[in-house]
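A.B. asks: model the structure of this input:
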Amino acid sequence: MGELKGKSALVTGGTRGIGRATALALADMGADVAINFFRSRESAKATAEEIQKRGVKALAVRANVGNSEQIPKMFEEVKGAFGKLDILVSNAALGHFGNVLDVNDKMWDVAMSTNAKALLYCSQEAVKMMPEGGRIVALTSLGSHRYIPGYAAIGVSKAAIETLVRYLAFELGSRKINVNAVSGGFIDTDSLKIFPSYDEIIRESTRRTPLGRVGTPEEVANVAAFLCTGRASWVSGQVIIVDGGYTLG
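C.D. replies: This is a model prediction of the structure:
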């Protein structure tokens, strides 16, 4: 489409699932895309090659976004490659499963650092090289406002992300930077497969979803990519739910 031709983007956790699908969607629209990874260099290499096949520039940057000390260097690498950053997609997520009475310091700190605090510090670095018209999109989930068994610490961190999006949107509005979140419903990804009750979740969510199935990473990525375009210029501070109607019941 070329709608984002000349734009540059960074997608954290961009080597699999929704992050990878978002990186490819942005590349399909003409953006140069940097993908952040932490563990799998091979997955990062493969995703970067897929991005380059779209005829745009690709960069794979290793950093643990849960460690705030590593974030500035990641953005230095992006600036060195692209010169600026028009789009930040904060997608990387991590957490340990457990009910609320089982949450300990480690479970809490991992979820809050990798999910919520990473959005804060990545946004602070991104705006240093983000021109007017920039876009920040955070990925969140239904666990921010609905009970999901064993999702306590992660769900709280997702709620923090959505609140932070509203604060960022207000304070960055004067810089003409739009900030939004996309909340995916039950999406069939490797992350969902980690749930102890994966099979039950698939059955129950399929039954309860009006569209009669779980979603795909691409369906969430398409909404995230839309929010990065000029067509979403009047959308800011919002949480867009992409769940096939699951939360209507």
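A.B. asks: what about the longest helix seen in the chain, average pLDDT?
C.D. replies: Counting residues, the longest helix found in the chain (DSSP state H) is helix 152-172. Helix 152-172 carries an average pLDDT of 97.
A.B. asks: can you pull out the low-pLDDT segments for this structure?
C.D. replies: Low-confidence segments of the chain (pLDDT under 70): 1, 191-196.
A.B. asks: from residue 221, how far off is the residue most central in space within it?
C.D. replies: If you average the C-alpha coordinates of the chain and look for the closest C-alpha using Cα atoms, centre = their mean, you land on residue 91, 2.2 Å from that point. Summarising the geometry, the distance separating residue 91 from residue 221, computed by Cβ to Cβ, to the nearest Å, is 9 Å. For glycine as for every other residue, the C-beta is placed from the backbone atoms N, C-alpha and C.
A.B. asks: which neighbours do those two have in common?
C.D. replies: Common neighbours of residue 91 and residue 221 are listed as 18, 22 (criterion: Cβ atoms under 8 Å, 6 or more residues apart in numbering).
A.B. asks: in stretch 123-135, what's buried?
C.D. replies: 123, 125, 126, 127, 129, 130, 134, 135 (16 or more other Cβ atoms under 10 Å).
A.B. asks: and the fourth one, how far from residue 47?
C.D. replies: Read it as residue 127. Shown here: residue 127 relative to residue 47, a distance of 25 Å by Cβ to Cβ.
A.B. asks: one more: residue 131?
C.D. replies: As for residue 131, its distance to residue 47 is 26 Å (criterion: Cβ to Cβ).
A.B. asks: now residue 91. Nearest residue, chain neighbours left out?
C.D. replies: residue 19 (4.0 Å; Cβ to Cβ, 6 or more residues apart in numbering).
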